[in-house]
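A.B. asks: sequence unavailable; structure follows:
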């Protein structure tokens, strides 16, 4: 892996030169666990779960103990199959309710990077695994965080949860290349996203944010790695 911060700084200098020459340039950012930390969303759902049921399963849970999903979170706490299944059912429904986005915590350094990309002249887009029904709520969230261009044309959601996220993102990125855009890079914490893009679009650069929720998929050794945020 190479230093993602230094790599992004150098790439944004090139982006500024490309856009000054009139080249259409896009830079794409994921949202969840890239621009916002969703662990507090899961933590709030867990605390409500206990409050509603009069249980104490999650009284020891802290932000640092939250896993990628309900099952990982329960496993880390040593919960049994019954509580895990019950919480997983609730989590799968409530994690994707837009009212719970208010718990997300902004990731200031990557938000600043998105602003720098816009300042360099890039067309900044937000390529997310959230579904289309959450598009307006996602735009509101990004605008509240001061992110550039968070409108209907630049927040790209997948049609439904039935659509696999990594192939969806790779297809959109590939479509932009076919349409004549120069894509400076795709920035995400999702190792499976990066792995899929690298396999299908080897000419497109990805920046991987080092994150506890990023998964375990293999990525190319030379992938720029943004230093760990959580």
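C.D. replies: Noted; the coordinates are in hand. Here the structure is a predicted model, which means the values were calculated and not measured.
A.B. asks: the residue sitting furthest away from the middle of the chain and residue 87: what is the separation?
C.D. replies: Within the chain, the residue lying farthest from the chain centre (CA atoms, centre = their mean) is residue 54, at 33.1 Å. Remark: distance between residue 54 and residue 87 (CB to CB, to the nearest Å) = 14 Å. Where you see a C-beta, it was placed from the backbone N, CA and C, and this is true even at glycine.
A.B. asks: shouldn't residue 222 be within a strand?
C.D. replies: No: counting by DSSP: H, G, I helix; E, B strand; the rest coil, residue 222 is not found in a strand; it is coil.
A.B. asks: quick one: distance of the longest helix along the chain to the chain centre.
C.D. replies: Longest helix in the chain by number of residues (criterion: DSSP state H): helix 4-20. Centroid displacement of helix 4-20 relative to its chain, using CA atoms, centre = their mean, to the nearest Å, is 21 Å.
A.B. asks: tell me the mean pLDDT over that helix?
C.D. replies: Mean pLDDT, helix 4-20: 98.
A.B. asks: got it, and stretch 151-159?
C.D. replies: 97.
A.B. asks: what's the end-to-end length of that stretch?
C.D. replies: Taking CA to CA, to the nearest Å, the first and last residues of stretch 151-159 lie 17 Å apart.
A.B. asks: could you do stretch 98-113 as well?
C.D. replies: Per CA to CA, stretch 98-113 runs 25 Å from first to last residue.
A.B. asks: quick one: average pLDDT of it?
C.D. replies: 98.
A.B. asks: other residues contacting it?
C.D. replies: By CB atoms under 8 Å, 6 or more residues apart in numbering, the list of residues contacting stretch 98-113 from outside reads 8, 29, 32, 34-41, 43-45, 94, 134, 137-138, 141, 145-147, 187, 209, 226, 229.
A.B. asks: let's go with 6 Å and repeat that
C.D. replies: By CB atoms under 6 Å, 6 or more residues apart in numbering, the residues outside stretch 98-113 that reach it are 34-38, 40-41, 44, 94, 134, 137, 141, 145, 229.
A.B. asks: just the buried subset of the residues you listed, please.
C.D. replies: Listed as buried from those are 34-38, 40-41, 94, 134, 137, 141, 145, 229; burial here means 16 or more other CB atoms under 10 Å.
A.B. asks: list the ones among the residues you listed that fall in strands.
C.D. replies: Among the buried ones among the contacts of stretch 98-113, the ones falling in strands (DSSP state E) are 36, 37.
A.B. asks: farthest-apart pair in the buried ones among the contacts of stretch 98-113, please.
C.D. replies: Using CB to CB, these span at most 24.3 Å, a distance reached by 94 and 229.
A.B. asks: just to revisit the earlier point, now, which of the contacts of stretch 98-113 sits nearest residue 69?
C.D. replies: Residue 69 has its nearest neighbour among the contacts of stretch 98-113 in residue 38, at 10.3 Å by CB to CB.
A.B. asks: quick check: the gap between that closest one and residue 44.
C.D. replies: 10 Å.
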